[in-house]
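Peer 1: Sequence and predicted structure are below.
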Amino acid sequence: MGLVDKLMDELAAKDRREHEVRMKELQMIDNSSLRDEYVQQLLLDRFLAPIEEAQHVIQNTAKHAQYLAEAVAVYYQDHGLTQEQAIELSKQLRLLAIKITQVESLHELKLIYSVVTLFTDKVSVFHHRDRKYRMDHSIRKHMLDPLNTYIATERNFHRRLQFMTGQPAS
């Protein structure tokens, strides 16, 4: 028996032991009032995990907008901005950060994604000579990409939920 086979057997045995422990726990609470609370907690854990992850993604996106607002105020000349343009762009980035943190639903998230996309298009006229410091590159990489990934994850989560509950797909 090779190393991979041994590791597979060990992991399979570990999974079986963990499954047996869970089954014993379920049997112990099967006829008690704890069963409903236990099941409810398991369901809450499963449903809240994606929501908590989404909040993390949204907060990081807003933080990046705040970071860009600060960077634009300092390095505005490197992007071909006047000081007045930099002040206005910083205000708009901070407003965008506020709007991002106010997202409460998938619909609002998709709306803010569209706003950030259009905003990126507008600010792309201000070029830094080095691509890695361009605002449009930074917004895409640190704001749009994470939001887009989360939107896809959230859609899949809703589809699974609809399937599990027997609701028609929307």
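Peer 2: In hand now; what should we look at?
Peer 1: and stretch 62-69, C-alpha only, in CSV?
Peer 2: Taking Å, rounded to 0.1, in the frame of the first residue of the first chain, the C-alpha atoms of stretch 62-69 are listed here in CSV:
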residue,chain,number,x,y,z
ALA,A,62,-15.5,50.1,1.5
LYS,A,63,-12.1,50.3,3.2
HIS,A,64,-10.4,50.3,-0.2
ALA,A,65,-12.6,53.2,-1.4
GLN,A,66,-11.5,55.1,1.7
TYR,A,67,-7.9,54.2,1.0
LEU,A,68,-8.2,55.5,-2.5
ALA,A,69,-9.8,58.7,-1.3
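Peer 1: Buried residues, that stretch. List them.
Peer 2: A62, H64, A65, Q66, L68, A69 (16 or more other Cβ atoms under 10 Å). (Glycine included, C-beta is placed from N, CA and C.)
Peer 1: In contact with the second one, which residues are there?
Peer 2: Applying Cβ atoms under 8 Å, 6 or more residues apart in numbering, one finds that H64 lies in contact with S138, I139, H142, M143.
Peer 1: so what's it scoring on pLDDT?
Peer 2: For H64, the pLDDT comes out at 95.
Peer 1: Low-confidence stretches in the chain?
Peer 2: 1, 3, 29-35, 39, 42-51, 154-170 (pLDDT under 70).
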